[in-house]
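1. sharing a model prediction with you, sequence too.
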There are 2 protein chains.
Amino acid sequence: MTYDYLTLNPNSGTPLYQQLYASIRQSIENGHFPKGEKLPSIRKLSEDLHLSRTTVEAAYQQLCVEGYVKTRPQSGFFVATGTVSLPRTASSAFSISAPSAVPQYQYQFGTDSVDSSCTDIKIWRRHIRDVLNRQEVIASYGDPQGEPALRAALSAYSFGVRGVTAKPEQIVVGAGTQPLLYLLCGLLKEKRVAIDERGFPQAERVFADCGFQVLRLPADGDGIRTDTLEQSGVKAVLVRPSHSVQNGTAMPMSRRYALLEWAKANNAVILEDDYNGELRYNARPIPAMQGIGDGGNVIYLGSFSKLLLPSVRIGYTALPPAFLADYRERAKDYNQTASKIEQLALSGYVQSGQLERHLRRLRKLYAAKSETLIRAVKQAFGKKCTIFLRETALCLVVSLPCRASSEALCQAAQEQGVRVLPAKEAGSVTLGFAGIPLEEIQPAVELLKTAWAPLLS
Amino acid sequence: MTYDYLTLNPNSGTPLYQQLYASIRQSIENGHFPKGEKLPSIRKLSEDLHLSRTTVEAAYQQLCVEGYVKTRPQSGFFVATGTVSLPRTASSAFSISAPSAVPQYQYQFGTDSVDSSCTDIKIWRRHIRDVLNRQEVIASYGDPQGEPALRAALSAYSFGVRGVTAKPEQIVVGAGTQPLLYLLCGLLKEKRVAIDERGFPQAERVFADCGFQVLRLPADGDGIRTDTLEQSGVKAVLVRPSHSVQNGTAMPMSRRYALLEWAKANNAVILEDDYNGELRYNARPIPAMQGIGDGGNVIYLGSFSKLLLPSVRIGYTALPPAFLADYRERAKDYNQTASKIEQLALSGYVQSGQLERHLRRLRKLYAAKSETLIRAVKQAFGKKCTIFLRETALCLVVSLPCRASSEALCQAAQEQGVRVLPAKEAGSVTLGFAGIPLEEIQPAVELLKTAWAPLLS
DNA sequence: GGGTATTTGTCCGTATGTATG
DNA sequence: TCATACATACGGACAAATACC
């Protein structure tokens, strides 16, 4: 079989692997490759087209990241079935029991959802199955601190990916960040904690439950300010250096150093919630604060629910050595909250390197999405709009030439069935692109154009 | 690994590849990369650090030339084995928890284990597998209150088995009793709670974390006394009517009525932890307090970790209608802690009636075990010993004709490889039989006979 | 049906061309 | 002219899945 209908031109200027990618993509969209059909193997195609295998591989990878094809290792690449149509998450996630008039959206630019379309659920299933087949595992209690195998894997992983230096015995596993915060509340002796003024309801809830006084301190563009921290005299602050919904900026290195200095000077502790820290997709990663200093003043908090699958709720914390004695004393009274089976499955997933592979895929996907979104916005609103995309966030802020309030813009978008979030300034909105499928970005932005046309000046 | 702790500064003047070289060299000297360990590949590191491959390659080349690493073509770069490498600090990975001299036992009469030998693990696995095959489940967020299917199943189950009357919307699911207690702490307005004098460390820990004052009030043989409750003026009490390690007795009906009356009269609330309530194997079951009155003053807490498999940590609570409004208001800030997959598997397990079948099997098994144990003890120690076994508990207390302390008896047993727990009075020990296999009871008791022979008078 | 040969995705170090100071 | 950094392309080695005997 020759696949010479895939037209390539070595002298056209555009790279071969991109031409190949475009050709195959078009063939899929045309129906030349029906859904579920196996693509020619990398070797076959490279021979037939007289290309290097790497070239073909690069094209396949891109198709894979963007969801057009799925890879089954040692088996082949297959055209994806059902064009990435996972149920819209946000609506079902937050309709507790109390019925409320939740608006229905066709497209969602929220910042609260994630993309699990490129998660290889099969691999995850296989790990779960492997664990289930180990009878002694399923029929015994787990370690209250977290499965030793998982803690060992996390110790290595968090060091490699985030620069966190923590031995397995410093790591405590839990069913997400929240249960771990309850634990930490017990370890903090002074019942006051600072967070930045934007707030963080789930954490504040925990602090409130534990009788803490929560101080919302002012922040500037770089994050919470150390001078007000100093003034307030608190001994603990919760920060999320990689997360910043307002303008998509991550906390710069300078502020991180300033915080560390403040902590050291005041014998205080920084609770570093590394939300999305792994996902810095378009720039060099910023290491976690925990690993920058000696780690003595930082309690690191990591989580997987946003990385892997929304249904997997596992988080972990790395305690400084100074806290260990106290923790161990109290540990016997704390039960483990995370599922043992999922802990062990995750341990296998991490240890086999599949999580890092997945992370790499995710970063590429988010890079592609941000690019697509920027292109679409530019095309729709031309030079009249300004786009702010700062390093790490999974959203961008678009500033339009109009006087309408941010809320008014959101409302107008909602009437077209598109969910966008308000930004700080009038005429601006926040577009989160993590949850929206790549191919929906273009039509969604076109709807936004329709929605906002009457408001533009 | 992504190794982004290798700090680089593009504007520092010094070339990137030299900075990278220095960082890696330092990591090798620090021992972060042990001898012989493979460095991240050029491709991976370049992607993770957002550098070109050439840059990384240049750094590697320099390391190679200077002898820090060796290259094995088509395989990778490896830390040279000849270089001076300090003892490793981080991630030596396998010295997990605090090392302690955990005694090794051949037989265990502890009260903290359960029998899962008669759990049909195959069936449980099948339920898990069924859930895993539903893609929309695994790739979406769960309901923070607990999966609706599970809450519906629990509503029916808890009524049928324990007489608990609660609609699905009253039920909140969590990863065991402890996380649910944190939630309940938020719902109780008066920050004082009573428990009986024997204590309950895991619960007290939660109350302490939440700033509650815990009053250990005196109990008599029937459980916590209502007169002291009355005196103390508390508005909440935590009881475990089916659990009583001391002498194996369950709280009698009379005391339950008394408690309910006290609660009604004082507008107080009873936290009913129905630990082992389902397992009353040798007498008529006593219904839960929640279902006896109108349910307005009782918060019911149930759990499955002791019933099904130790690795399945799911619990639930049934909130009185009066608490629902407050709960819903706060619910949006609470994340679910229990695994979604296990919730749905459990839901199938309950709905198909397999849990009730399993319960019946368990009751029979525990009845057989208690019989066997009593016979073995009588045979070993004859008429000189007294056996206390009251209705429900999964343990019995054996009183021997000797003056040795309870701890001394436990120590002597331990030296024979048998774990038993101390009892309240000298010459007595507690034998939990839930965890020990039926056929091991006889030989274990014979070992006890050997162990205690010198101590008997 | 069980062992063997082949296929296949994946990972790897490397070479080359080019843009930018 | 040269050092630096990057993008593209190459083919060898490996282990797992699969097909075949």
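-> Sure, I can see it.
2. A:R360 touches B:E47, doesn't it?
-> Yes: using CB atoms under 8 Å, A:R360 is in contact with B:E47, at 6.4 Å. Glycine gets a C-beta too; all of them are placed from N, C-alpha and C.
3. leaving out sequence neighbours, find the closest residue to A:P287.
-> Spatial nearest neighbour of A:P287, chain neighbours left out: A:G163 (3.5 Å); criterion: CB to CB, 6 or more residues apart in numbering or on different chains.
4. how close does the one you found get to DNA strand D?
-> Separation of A:G163 from DNA strand D (CB to the nearest atom of the strand, to the nearest Å): 20 Å.
5. what number of residues lie near that residue?
-> Applying other CB atoms under 10 Å in any protein chain shown, we find 22 residues neighbouring A:G163.
6. quick one: name the residues of the stretch 51-200 of chain A near DNA strand D.
-> Along the stretch 51-200 of chain A, the residues adjacent to DNA strand D under the rule CB under 7 Å from any atom of the strand are A:51-55, A:58, A:72-75.
7. give the contact list for the closest residue to DNA strand C within chain A.
-> At 3.3 Å from DNA strand C, A:S41 is the closest residue in chain A, using CB to the nearest atom of the strand. Counting by CB atoms under 8 Å, 6 or more residues apart in numbering or on different chains, A:S41 makes contact with A:76-77.
8. and A:I441, by the same measure?
-> The contact partners of A:I441, by CB under 8 Å, 6+ apart, come to A:369, A:372-373, A:376, A:433.
9. most neighbours, which of these?
-> In terms of neighbours by other CB under 10 Å, these top out with A:F433 at 28 neighbours.
10. pretty sure that one contacts A:L396?
-> Yes: using CB under 8 Å, A:F433 is in contact with A:L396, at 7.4 Å.
11. near DNA strand C, which residues of the stretch 251-400 of chain A? Just list them.
-> Applying CB under 7 Å from any atom of the strand, one finds that the stretch 251-400 of chain A approaches DNA strand C through A:353, A:357.
12. coming back round to it: now for A:F433 and A:L396: what residues contact both?
-> Counting by CB under 8 Å, 6+ apart, the contacts common to A:F433 and A:L396 are A:370, A:373.
13. count of neighbours near the residue of the stretch 301-450 of chain A found nearest DNA strand D?
-> Proximity of the stretch 301-450 of chain A to DNA strand D (CB to the nearest atom of the strand) peaks at A:S352, 9.3 Å away. A:S352 has 13 neighbours, counted by other CB under 10 Å.
14. ok, A:R192 next?
-> Using other CB under 10 Å, A:R192 has 16 neighbouring residues.
15. list the contacts for the nearest residue to it once chain neighbours are set aside?
-> In space, A:R192 comes closest to A:Q213 once its chain neighbours are excluded; the distance is 4.6 Å by CB to CB, 6+ apart. By CB under 8 Å, 6+ apart, the contact set of A:Q213 is A:191-193.
16. take those residues and lay them out in TSV including pLDDT.
-> Formatted as TSV, these follow (pLDDT from 0 to 100):
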residue	pLDDT
A:K191	93
A:R192	96
A:V193	97
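17. next step: those residues restricted to strands.
-> Among the contacts of A:Q213, the members falling in strands (DSSP state E) are A:192-193.
18. I'd like to know which of the contacts of A:Q213 is nearest to DNA strand D.
-> When these are compared against DNA strand D (criterion: CB to the nearest atom of the strand), the nearest one is A:V193, at 39.8 Å.
19. the closest one reaches A:V234, doesn't it?
-> Yes: at 6.5 Å, A:V193 counts as touching A:V234 under the criterion of CB under 8 Å.
20. list the residues that contact both of these two?
-> Common neighbours of A:V193 and A:V234, using CB under 8 Å, 6+ apart, are A:L215.
21. so between those two, which is more surrounded?
-> Neighbour totals were compared for A:V193 and A:V234, and A:V193 leads with 25 against 21 (other CB under 10 Å).
22. please tell me how far that one sits from A:D220.
-> 20 Å (CB to CB, to the nearest Å).
23. and what of A:E66?
-> With distances taken as CB to CB, A:E66 is found 37 Å from A:D220.
24. who has more neighbours, these two?
-> Neighbour count, other CB under 10 Å: between A:E66 and A:D220, A:E66 has more, with 22 against 9.
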